[in-house]
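> My questions concern the predicted model and sequence given below.
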Amino acid sequence: MSRSNTVPLPRWVLAGAAAGALFLLLPLAAVAAEVNWAEFIPLVTSESSLAALSLSLRTAAASTLLCVLLGVPLALVLARARFPGKRLVRSLVLLPLVLPPVVGGIALLYTFGRQGLLGGALEAMGVQVAFSTAAVVLAQTFVALPFLVLTLEGALRTAGTRYEAVAATLGARPWTVLRRVTVPLVLPGLASGAVLSFARCLGEFGATLAFAGSLQGVTRTLPLEIYLQREADADAAVALSLVLVLVAVVVVGLSYRSAPARSADTRSAGGRSATAGAAD
Amino acid sequence: MGLRIEAVLPERGIDVRFDVGDGETVALLGPNGAGKSTVVSLLAGLVHADDGRAELNGTTLFHRTKGKGMSLPAYRRGTSLLAQEALLFPHLSAEENVAFGPRSTGVPRRKAQAAARRWLAEADAAALAAKRPGELSGGQAQRVALARALAAEPDLLLLDEPMAALDVETVPLMRRLLKRVLAGRSALIVTHDVLDALTLANRVLVMQEGRIVESGPPAEVLRRPQNPFTASLAGLNLVRGNVRGNRLLAAGGLSFAVPDAGAGVQGVPLLAVFPPSAIAVRRPGAAGTANPGREILGVTVTDLEPQGDRIRVRGAGLAADISPAAAAELSLVVGEEAEFLLDASAVTSYPASAVPGWRTV
C-alpha cells in the first residue's frame, strides 16, 4: 500500500498542499500562542469549566453509544437490504451532514419540544426532553449519526457478502452470521465511525444551543461555555479552546493508531470510509 | 435419495434438470458462462429459481412457480460450498474456521474443536490448526476450507472450481486429497478441467448455454462426445452430418466415409470423431500420389498454433496436429488452401442423441 509514486507530482500541487496544510494548522497555532499559560490551570479547572468539560464528555459518550445502537442497524440495512427508495432513504439519512446544525436543533425542538410532534405524548408520560441533558444527547446524536452510518456502510460494502454467503452455507443462521462474521469483519470501520461520531458530538454547538439551551451543568457543553466566555473572559475561552483541540488530537490519534492492527482485508475499508466521512 | 433438481431461471438463461445419486460424485463441465456457478448457487440457496423444485435426501430445498413458492434458506440446506477462493474468515484461526460449521449448528465448543481437529487431519492440514488465514499459502488455505466444508457434514458437498485458483504445483496434491475425501460422498464439482472429471467423478454432466447437454460416465462421454465443447475436452474432432451411402455429409461440404454408416438411425444426424493426429496436411495438388485409406478434404487454413510439441492446423472446423518439421516444410499461412488427409480407420461414428441429466437407471 505504501508504494511510492514513480511519477512525481507537479510542483504546484506540492505548493497547494503546503498552503492547505498551513491554512489548517495556523489558526491552531494562533490559539496556542494566545494562551495565558500562567493562568492556564486555574482557568481550565474553574467550576464552570470543569462542569462543561465533564458534561461534554458524558453526553458525547452517551451520544456515541446511541449512534452505535441506531447506526449499526441503519448501515446494515443500507449496505445489505434491497428495497425501493433506498437511494432516497440514504440521502435523507445523510442530510444532517449538510444541514446547518442550528436548523437540526430547531427541527428537534419541533419534534421533541413541548409544542412538538411528540411533545404531547412525551409530556403525558411525564417526560420533558427540551432544555435537558437528554436534549443535548439527542442533538449530538442527530448530527453525529450520519458519520457512523457512512463509515460503517462503506466498510460493509468493501467487506462484501462473500464471507457471509459461505457462513450461511456452513449452517449459520442470520444472527450467527452477523455476530460471528459480519461485525468482526467491519470492526475497524465501526471503531473509526464511532470515533468520528464522538468527535462530532464533542464539537456540537448549533443544534445543542437551539434545542437544549445553555444551562450550566445541565446543557452547557464545552463549545457553549467557550462561546459564552469569549466576551466575558477571553483568556478562559482560549484556554478551553486549547483543551478541545487537545481532546480532538487525542481522538484523531486513537483512530489512526489502530490502523496497523487491522487485517489486510478491512484496512482499506476502514481507512477509505473514514476519510470519506471526514471529508463530508 | 440423493439430489434431484429441476430449475429454470430465465434471467440467467438457466434451464437444468439432473440428479446426484447418494454417495455419487458428479462433475459439472462446461465452457465459461455456461451457468455452472449459477447452478451451484441455486443449490446452495444463494440464488433463487423462478420455476422448479429440488429435493435432497427427501428434504425439499425449493419448490417454486413463477418466482414464488418456498425456498429453504441457505443455512438449512445441508449444502456446504467450497469455492475457487478459500474465503477463510480472516479473524479466526484455521481451527476456529473449521469449527465454525459445527458451532453454528449448536455443537458445544469442546466437541466442535475436536471435530475441527479431526477434519483438519482428514484434509492433511492438522499442522495448520493455530494459523491465521493470512499466514497460509493458497494451497494450505484451500485445504483448510475443504476441512471447514466437510466439518459442516453436508448432505451434498458443492465444489465450485476448487482448484482453479491454486498454483500448478499444488493442484495434484489437492486432486489426490479430493479423490480421497469425495469417495462415497454426494458431491457436485464444477470444473473445466477434464482431468478432474476423470479422476474425481462417477458421472459427468456437460452444460452449455444454461442447459445440460450431455450426461454419463466420464469415459463414455469423452469417447462419444455429442457437442464441440465435449469433443474439445476429449481432444477430438467432431463432425455432425447426415449419412448418404457409406459417407457422412456435413454442413460446409465436408464429406468422408464412416465405418458405422449403417448404424445410423433414419432422420437422426450422425456424429463422427477422430483425433487431430489422424489428419496429415499437404499443399493442394502436391504430388498426386494416391493415399490408400485416406480421405482428401480441401480446406482453408483458419489458424495455426503450437500445441505441445506439435503444430495445430485448423481448417473447416477441424484440427490437425503435425510435426514442427512438417509445418516448416509446408510453410502454410492462414487463409491459404490446404488438403487434410484423413485416416479413415481412425474415425468412429455414432448417432447423435438427446441426453438429459438423469442417470440411466
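Received it, and whenever you're ready, just let me know what you need. This is a predicted model, so every value here is computed, not measured. Numbers count the residues shown, from 1 in each chain, chains lettered A, B, ... in the order given.
> contacting residues around B:Ala74?
A:165, A:168-169, B:44-46 (C-beta atoms under 8 Å, 6 or more residues apart in numbering or on different chains). From N, CA and C alone the C-beta is placed, and that goes for glycine too.
> How far does stretch B:318-332 sit from its chain's centre?
Stretch B:318-332 sits 30 Å away from the centroid of its parent chain (C-alpha atoms, centre = their mean, to the nearest Å).
> Other residues contacting it?
Contacts of stretch B:318-332 (C-beta under 8 Å, 6+ apart): B:237, B:239, B:254, B:275-277, B:279-283, B:297, B:299, B:301, B:304, B:307, B:309-314, B:338, B:340.
> Could you pick out the buried ones from these?
B:237, B:239, B:254, B:275-276, B:279-282, B:297, B:299, B:301, B:304, B:310-314, B:338, B:340 (16 or more other C-beta atoms under 10 Å in any protein chain shown).
> re earlier: any idea which of the contacts of B:Ala74 is the one closest to B:Leu87?
Nearest to B:Leu87 among the contacts of B:Ala74 is A:Ala165, at 8.5 Å by C-beta to C-beta.
> Helix, strand, or coil at the closest residue to that closest one other than its chain neighbours?
Leaving aside its sequence neighbours, A:Ala165 sits nearest to B:Leu46 (C-beta to C-beta, 6 or more residues apart in numbering or on different chains; 5.4 Å). Of the three states, B:Leu46 takes coil under DSSP: H, G, I helix; E, B strand; the rest coil.
> Give me every residue in the stretch 1-150 of chain B lying close to chain A.
Residues of the stretch 1-150 of chain B lying near chain A by C-beta under 8 Å from any C-beta of the partner chain: B:44-46, B:73-81, B:83, B:85, B:87, B:89-91, B:100-101, B:104-105, B:134, B:148-149.
> Repeat the analysis, applying 7 Å as the threshold.
With C-beta under 7 Å from any C-beta of the partner chain as the criterion, the stretch 1-150 of chain B comes near chain A at residues B:44, B:46, B:74-75, B:79-81, B:87, B:89-91, B:100-101, B:104-105, B:134, B:148.
> From the residues you listed, keep the buried residues only.
B:44, B:46, B:74-75, B:79-81, B:87, B:89-91, B:100-101, B:104-105, B:148.
> so which pair among those is furthest apart in space?
Farthest-apart pair in these is B:Thr79 and B:His91; separation 24.6 Å (C-beta to C-beta).
> Nearest to A:Leu254 among the contacts of B:Ala74?
For these, the nearest to A:Leu254 is A:Ala165 (33.7 Å; C-beta to C-beta).
> helix or strand for the closest one, which one?
helix A:162-169 (DSSP states H and E).
> what's that helix packed up against?
Using 3 or more C-beta pairs under 7 Å, 6 or more residues apart in numbering or on different chains; DSSP states H and E, the elements in contact with helix A:162-169 are helix A:174-177.
> give me that answer again for 10 Å
helix A:174-177, helix A:183-203, helix B:36-44, strand B:81-82, helix B:94-104, helix B:138-151 (3 or more C-beta pairs under 10 Å, 6 or more residues apart in numbering or on different chains; DSSP states H and E).
> will you turn those into JSON lines that also has mean pLDDT?
Listed next are the helices and strands packed on helix A:162-169 as JSON lines, based on pLDDT from 0 to 100:
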{"stretch": "helix A:174-177", "mean pLDDT": "95"}
{"stretch": "helix A:183-203", "mean pLDDT": "92"}
{"stretch": "helix B:36-44", "mean pLDDT": "94"}
{"stretch": "strand B:81-82", "mean pLDDT": "94"}
{"stretch": "helix B:94-104", "mean pLDDT": "95"}
{"stretch": "helix B:138-151", "mean pLDDT": "94"}
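> do you know which of these lies nearest B:Gly30?
helix B:36-44 (5.1 Å).
> so where is chain A shaky, pLDDT-wise?
A:1-5, A:256-280 (pLDDT under 70).
> Show me which residues of it sit near chain B.
Within chain A, the positions near chain B by C-beta under 10 Å from any C-beta of the partner chain are A:159-174, A:176-177, A:180-181, A:183-185, A:187, A:263-266.
> Make a ChimeraX selection of the buried ones in those residues.
Restricted to buried positions by 16+ other C-beta under 10 Å, the ChimeraX selection for those reads:
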select /A:159,163,164,165,166,167,168,169,170,171,172,173,176,177,180,181,183,184,185,187,263,265,266
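> What sits closest to B:Asp193 if chain neighbours are left out?
Nearest non-adjacent residue to B:Asp193, counting by C-beta to C-beta, 6+ apart: B:Met163, 7.3 Å away.
> surely that neighbour meets B:Lys179?
No. Using C-beta atoms under 10 Å, B:Met163 is not in contact with B:Lys179, being 11.9 Å away.
> Residues that sit against both of these two, list them.
Contact criterion C-beta atoms under 10 Å, 6 or more residues apart in numbering or on different chains; residues shared by B:Met163 and B:Lys179: B:Asp196.
> So those two - more neighbours on which side?
B:Met163 (23 against 13; other C-beta atoms under 10 Å in any protein chain shown).
> And that one, how close does it get to B:Pro154?
19 Å (C-beta to C-beta, to the nearest Å).
> same question, B:Trp119
Taking C-beta to C-beta, one finds B:Trp119 at 12 Å from B:Pro154.
> Quick check: neighbours shared by these two?
With C-beta under 10 Å, 6+ apart, B:Trp119 and B:Pro154 have common neighbours B:Gly101.
> before we move on, the earlier item: the buried ones among the contacts of stretch B:318-332 in strands, which ones?
Members of the buried ones among the contacts of stretch B:318-332 lying in strands (criterion: DSSP state E): B:237, B:239, B:279-282, B:297, B:299, B:301, B:304, B:310-314, B:338, B:340.
> ok, and of the contacts of stretch B:318-332, which contact chain A?
Okay, of these, nothing touches chain A (C-beta under 10 Å from any C-beta).
> need the contact list for the residue nearest the centre of chain A.
The centroid of chain A falls nearest to A:Ser197 when counting by C-alpha atoms, centre = their mean (1.9 Å). Contact analysis of A:Ser197 by C-beta under 10 Å, 6+ apart lists A:60, A:63-68, A:71, A:140-141, A:143-149, A:151, A:277.
> do that again at 8 Å, thanks
Here A:Ser197 is in contact with A:63-64, A:67-68, A:71, A:144-145, A:147-148 (C-beta under 8 Å, 6+ apart).
> Can you get me a residue count around A:Ala17?
Counted with other C-beta under 10 Å, the neighbours of A:Ala17 add up to 11.
> With B:Asn202 instead?
By the criterion of other C-beta under 10 Å, B:Asn202 has 17 neighbours.
> where exactly do the helices run in the stretch 151-280 of chain A?
Listed in chain order, the helices of the stretch 151-280 of chain A (DSSP state H, counting those that start in this stretch) span A:162-169, A:174-177, A:183-203, A:206-212, A:222-232, A:234-257, A:264-279.
> Put together CSV for these, with distance to A:Ala121 on each row.
Output for the helices of the stretch 151-280 of chain A, formatted as CSV (distance: least, C-beta to C-beta, whole Å):
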stretch, distance to A:Ala121
helix A:162-169, 39
helix A:174-177, 32
helix A:183-203, 26
helix A:206-212, 18
helix A:222-232, 29
helix A:234-257, 36
helix A:264-279, 34
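> So which of those is nearest B:Pro31?
helix A:162-169 (23.9 Å).
> That closest one versus helix A:183-203: what angle between them?
Here helix A:162-169 runs at an angle of 130 degrees relative to helix A:183-203 (axes from the mean of the first three to the mean of the last three C-alpha atoms, to 10 degrees).
> what sits up against helix A:162-169?
Here helix A:162-169 has contacts from A:174, A:176-177, A:180-182, A:185, B:44-46, B:73-75, B:77, B:79-81, B:83, B:85, B:87, B:89, B:100, B:104, B:152, B:158, using C-beta under 8 Å, 6+ apart.
> Just the C-alphas of it, formatted as PDB.
Extracted in PDB, the C-alpha atoms of helix A:162-169 (Å, rounded to 0.1, in the frame of the first residue of the first chain):
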ATOM      1  CA  ARG A 162     -19.000 -13.500   0.100                       C
ATOM      2  CA  TYR A 163     -17.900 -14.400   3.600                       C
ATOM      3  CA  GLU A 164     -21.500 -14.100   4.800                       C
ATOM      4  CA  ALA A 165     -22.600 -16.500   2.000                       C
ATOM      5  CA  VAL A 166     -20.000 -19.100   2.900                       C
ATOM      6  CA  ALA A 167     -21.100 -18.800   6.600                       C
ATOM      7  CA  ALA A 168     -24.700 -19.400   5.600                       C
ATOM      8  CA  THR A 169     -23.900 -22.500   3.600                       C
END
